[in-house]
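**Student:** need a 3D model of the sequence below.
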Amino acid sequence: MAEIKARHSRNIPALSEADMEKLAAARVLIVGCGGLGGNIIEYLSRAGVGSLTVVDGDVFEESNLNRQILSTSKNIGQKKALAAAERIKAIDPDISVTAVCEFLTEENASELMSDIDLVIDALDNAAARLVLEDAAGEAGLAIVHGAICGWDLQAMLVPPGSGLLHQMYPEGYTPSSKTSLPVTPAVCAAIEASVAIRYLCGLDNPLEKSLLIGSIADMSFDIIRF
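**Tutor:** You can find the predicted model right below:
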C-alpha cells in the first residue's frame, strides 16, 4: 500500500488505508462552486480525493458573501471555478484540478463527464439538475444530490438511470424562495461530501435511493425511501 500522507493521517482509522488509496485514485466532477459547491470542494480536497473537476460559469457577487466559503470581499467579480481551483491547490498542491468556467449545458455535459467516477450536484436550479441527471445516466454515473432553502436541506445518492431527480423536479418547477443562510449550505455540503466519500470507498450508503430531508431550525430530519 502507498504511504499515507501526514495531511491525511487523521482520517485513519475512520477510513482505512485501502479507503484512502481509493480516494487518491478517485475522479470527481463538482458542478457548481457556490454555497454548496465551495464547501464540498473544501471537504473533498482535505479528505484526499485525487482529482477534482470544478464547473461554474458564474462570478462572485456581493450577495454571495453571506454563505459562499470561496467568496471574499477581495474576489468579487472573479470566476468561481478559478477561485475553487486556487483554493484546492492551496490545500493540497498534489490534487489534479480542472477548472471549467462554463455553465452546465446539454452541449457540454457529456464531455464534462468523461473520465469521471462520481458527479456531485451543487447546482441552484432545477432545469440544470435535469440536464445533469440525463447526462450522468448516459455516462453510467451516480450523482450525489443536495439542495437548500433557508433553514431546510435535502440530500440523496442518485443511481445512474434512476430518474429520481426528474421525479423530484418536474419540468417547469420553480422554488418558492431562494433565501440562503450561512449555515445551511455547510451542513448540506458536509452530508453530500460524506455520501461521496463513502461511495468512492465502496462503503454502505444509507442515502442511496433515499432522500434525507431536514431543517436545522428545529433539528428535525427524516429519510424518504424510493
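
**Student:** center of the protein, which residue is that?
**Tutor:** For the chain, the residue nearest the mean C-alpha position is I120 (3.9 Å; C-alpha atoms, centre = their mean).

**Student:** now that one, what's its secondary structure?
**Tutor:** Here I120 is recorded as strand under DSSP: H, G, I helix; E, B strand; the rest coil.

**Student:** residue contacts, it?
**Tutor:** V28, L29, I30, V31, G37, I40, I143, V144, G146, E192, A196 (C-beta atoms under 8 Å, 6 or more residues apart in numbering). In this view, the C-beta of every residue, glycine as well, is placed from N, C-alpha and C.

**Student:** what of C201?
**Tutor:** Neighbouring residues of C201 by C-beta under 8 Å, 6+ apart: L15, D19, K22, L23.

**Student:** biggest separation within those residues, which pair?
**Tutor:** Using C-beta to C-beta, the contacts of C201 span at most 9.1 Å, a distance reached by L15 and K22.

**Student:** closest one of the contacts of I120 to F226?
**Tutor:** Set against F226, the nearest of those by C-beta to C-beta is I143 (13.7 Å).

**Student:** could you pull out the helices for this structure?
**Tutor:** 17-25, 35-47, 80-91, 109-112, 126-139, 164-168, 183-201 (DSSP state H).

**Student:** which one, of the ones you listed, ends up nearest to D152?
**Tutor:** Checked against C-beta to C-beta, the stretch from the helices of the chain lying closest is helix 183-201, at 7.2 Å.

**Student:** G137 versus the residue lying closest to V183 once chain neighbours are set aside, what's the distance?
**Tutor:** Among residues not flanking V183 along the chain, I216 sits closest, at 6.5 Å (C-beta to C-beta, 6 or more residues apart in numbering). From I216 over to G137 the distance is 31 Å, taken as C-beta to C-beta, to the nearest Å.

**Student:** so who does D222 touch?
**Tutor:** L212, I213, G214.

**Student:** now the residues you listed as CSV including distance to L153?
**Tutor:** Shown next, in CSV, are the contacts of D222 (distance: C-beta to C-beta, whole Å):
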residue, distance to L153
L212, 8
I213, 8
G214, 6
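
**Student:** just the buried ones among those residues, please.
**Tutor:** The neighbour count (16 or more other C-beta atoms under 10 Å) marks L212, G214 as buried among those.

**Student:** narrow the contacts of D222 to those in strands?
**Tutor:** L212, I213, G214 (DSSP state E).

**Student:** end to end, how far does stretch 49-69 reach?
**Tutor:** By C-alpha to C-alpha, to the nearest Å, the extent of stretch 49-69 from end to end equals 19 Å.

**Student:** flag every buried residue along it.
**Tutor:** For stretch 49-69, by 16+ other C-beta under 10 Å, it's 49-56, 59-60, 64, 67-69.

**Student:** I'd like to know how many residues surround L157.
**Tutor:** 24 (other C-beta atoms under 10 Å).

**Student:** pretty sure it is touching E208, no?
**Tutor:** Yes: in this structure L157 lies within contact range of E208 using C-beta atoms under 8 Å: 4.5 Å.

**Student:** so where's this protein uncertain?
**Tutor:** Segments of the chain classed as low confidence (criterion: pLDDT under 70) are 1-2.

**Student:** switch the cut-off to 90
**Tutor:** Residue ranges of the chain with pLDDT under 90: 1-5, 170-178, 226.

**Student:** residues contacting Y169?
**Tutor:** With contact taken as C-beta under 8 Å, 6+ apart, Y169 is in contact with A126, R129, L130.

**Student:** and the second one, how far is that from L36?
**Tutor:** Right, the one you point to is R129. On the measure of C-beta to C-beta, R129 and L36 end up 12 Å apart.
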